[in-house]
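> no sequence for this one, just the structure:
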Ligand SMILES: [Zn+2]
């Protein structure tokens, strides 16, 4: 992280450091007993949101703003001209992760809707929005296809801006335009492929703070479940009223989908006990058919690379509690 803070994130001198961070993450992740691992997104330069466009020449830094409750703001680059092209795709990360891993690997990619925010409000001369969206959908499709072809256990589309969209536009129009755009991309995949694709939703999790925790899940979840994917990764552990959210999930979830509920509050410094995780999982099983239920962490532990609010040791302790607690719940459900 020190080396990264002194560079743009892409210099050759960082290569061995990235490689070691990925290797260490996968070794420690597997030691928790987790049946599926990731590379911890060690390689995504500054964050999960703009890794694919990091260093893109036709941009300015003064793009879309994400304000967090703690008072800080994250910004994304603003597109200044066409064409829109990814600088890199996540299958490159997956390839490295799979080299180190001995269990299945999940790969996260950023949603088309998140990157659509790079296009400015005023139309770019000679690069109309329609052309941009066409380019964006193609880039996303290619990235997702490559990850599937390489053997990703699941491809998770990060959709943190879903809940934020309801905050920006309480009418729900922005959220629905995001869902429509993402569904245009998903429609390019077969039903079988979509069973290996999932969507992650959360209120944001940066420096132990959120961007949209005040938005009622009731405003988001019915729309979210319109997304044509086989898996949903829903932050839940940090919610004030989990039972209420679970009721909304039960009401709106579709058949042939799996719901991974967040049982680890990634922005809460306290490490959960396995017994607590077990309790949260059993609670979820009261609302979600057990064959459609899974557990996950609420979000990433540091979606932006300079976030030091959670140590690596603590992150792995929390993951270990999740794995143990989920196993306890599984046994309890089997003996029911
Ligand atoms: Zn998240």
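Alright, I've got the coordinates. Owing to the predicted nature of the structure, the values given are computational and were not obtained by experimental measurement. Numbering: from 1, shown residues only.
> Would you mind pulling the contact partners of the longest strand seen in the chain?
Counting residues, the longest strand in the chain under DSSP state E turns out to be strand 258-264. Contact with strand 258-264 is made by 198, 202, 230-238, 246, 249, 253, 272, 277, 280-281, 284, 288, 292-299, 318-319, 321-322, 325-326, as judged by CB atoms under 8 Å, 6 or more residues apart in numbering. C-beta: built from backbone N, CA, C; applies to glycine.
> Kindly provide the distance from residue 70 to residue 204.
Per CB to CB, to the nearest Å, residue 70 is found 10 Å from residue 204.
> thinking again about what came up before, what is the orientation angle of the helix or strand just after the longest strand of the chain with strand 258-264?
Heading C-terminal from strand 258-264, the first helix or strand you meet, by DSSP states H and E, is helix 274-285. Angle of helix 274-285 versus strand 258-264, following axes from the mean of the first three to the mean of the last three CA atoms, to 10 degrees, is 150 degrees.
> What average pLDDT does helix 274-285 get?
Averaged across helix 274-285, pLDDT comes to 98.
> Show me what that helix is packed up against.
Applying 3 or more CB pairs under 8 Å, 6 or more residues apart in numbering; DSSP states H and E, we find helix 274-285 packed against helix 242-252, strand 258-264, strand 293-297, helix 312-334.
> Could you pull out the buried residues of that helix?
For helix 274-285, a neighbour-count test (16 or more other CB atoms under 10 Å) marks 274, 276, 277, 278, 279, 280, 281, 282, 283, 284, 285 as buried.
> I'd like those residues written out as JSON lines, with distance to the ion added.
Formatted as JSON lines, the entries for the buried residues of helix 274-285 read as follows, by distance: CB to the ion, whole Å:
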{"residue": "274", "distance to the ion": "23"}
{"residue": "276", "distance to the ion": "21"}
{"residue": "277", "distance to the ion": "18"}
{"residue": "278", "distance to the ion": "23"}
{"residue": "279", "distance to the ion": "23"}
{"residue": "280", "distance to the ion": "18"}
{"residue": "281", "distance to the ion": "20"}
{"residue": "282", "distance to the ion": "24"}
{"residue": "283", "distance to the ion": "21"}
{"residue": "284", "distance to the ion": "18"}
{"residue": "285", "distance to the ion": "23"}
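> And the residues you listed, which is closest to residue 112?
Set against residue 112, the nearest of those by CB to CB is residue 284 (29.2 Å).
> What residues does the closest residue to the ion within the stretch 101-250 of the chain make contact with?
Residue nearest to the ion within the stretch 101-250 of the chain (CB to the ion): residue 202, separated by 3.2 Å. Contact analysis of residue 202 by CB under 8 Å, 6+ apart lists 160, 163, 234, 235, 262, 298, 299.
> need the helix or strand of the protein with the lowest average pLDDT.
Least confident helix or strand, the chain: helix 2-5 with a mean of 87, by mean pLDDT, DSSP states H and E.
> low-confidence ranges in this structure?
The model of the chain has no residue with pLDDT under 70.
> Break down it into its helices, ranges please.
Counting by DSSP state H, the chain has helices at residues 2-5, 15-31, 91-100, 112-116, 129-150, 161-168, 173-186, 191-194, 217-224, 242-252, 274-285, 312-334.
> Same list (these) but as TSV, adding distance to residue 268.
Shown next, in TSV, are the helices of the chain (distance: least, CB to CB, whole Å):
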stretch	distance to residue 268
helix 2-5	26
helix 15-31	20
helix 91-100	27
helix 112-116	25
helix 129-150	30
helix 161-168	18
helix 173-186	27
helix 191-194	33
helix 217-224	18
helix 242-252	14
helix 274-285	11
helix 312-334	9
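> between these, which one is nearest to residue 79?
When the helices of the chain are compared by CB to CB, helix 129-150 sits nearest residue 79, at 7.1 Å.
> Now do that closest one: which elements does it pack against?
Under the contact definition 3+ CB pairs under 8 Å, 6+ apart, helix 129-150 sits against helix 91-100, strand 106-110, helix 112-116, strand 154-158, helix 173-186.
> between it and strand 106-110, how many degrees?
If you take the same axes, to 10 degrees, helix 129-150 sits at 170 degrees to strand 106-110.
> ok, residues contacting stretch 71-83?
Here stretch 71-83 makes contact (CB under 8 Å, 6+ apart) with 47, 49-50, 53, 56, 58-68, 117-120, 124, 126-127, 131-132, 135, 206-207, 209, 304.
> So which of these are in strands?
Of the contacts of stretch 71-83, the ones assigned to strands by DSSP E are 59, 60, 65, 66, 67.
> hang on, the fourth one packs against residue 209?
No. Under the criterion of CB atoms under 8 Å, residue 66 lies out of contact with residue 209, with a separation of 10.8 Å.
> centre of the chain versus stretch 250-261, how much separation?
Centre-to-centre, stretch 250-261 and its host chain are 18 Å apart (CA atoms, centre = their mean, to the nearest Å).
> Ends of that stretch, what's the gap?
For stretch 250-261, the separation between the terminal residues is 12 Å (CA to CA, to the nearest Å).
> Could you check how far residue 196 is from residue 231?
Look at residue 196 and residue 231: by CB to CB, they are 8 Å apart.
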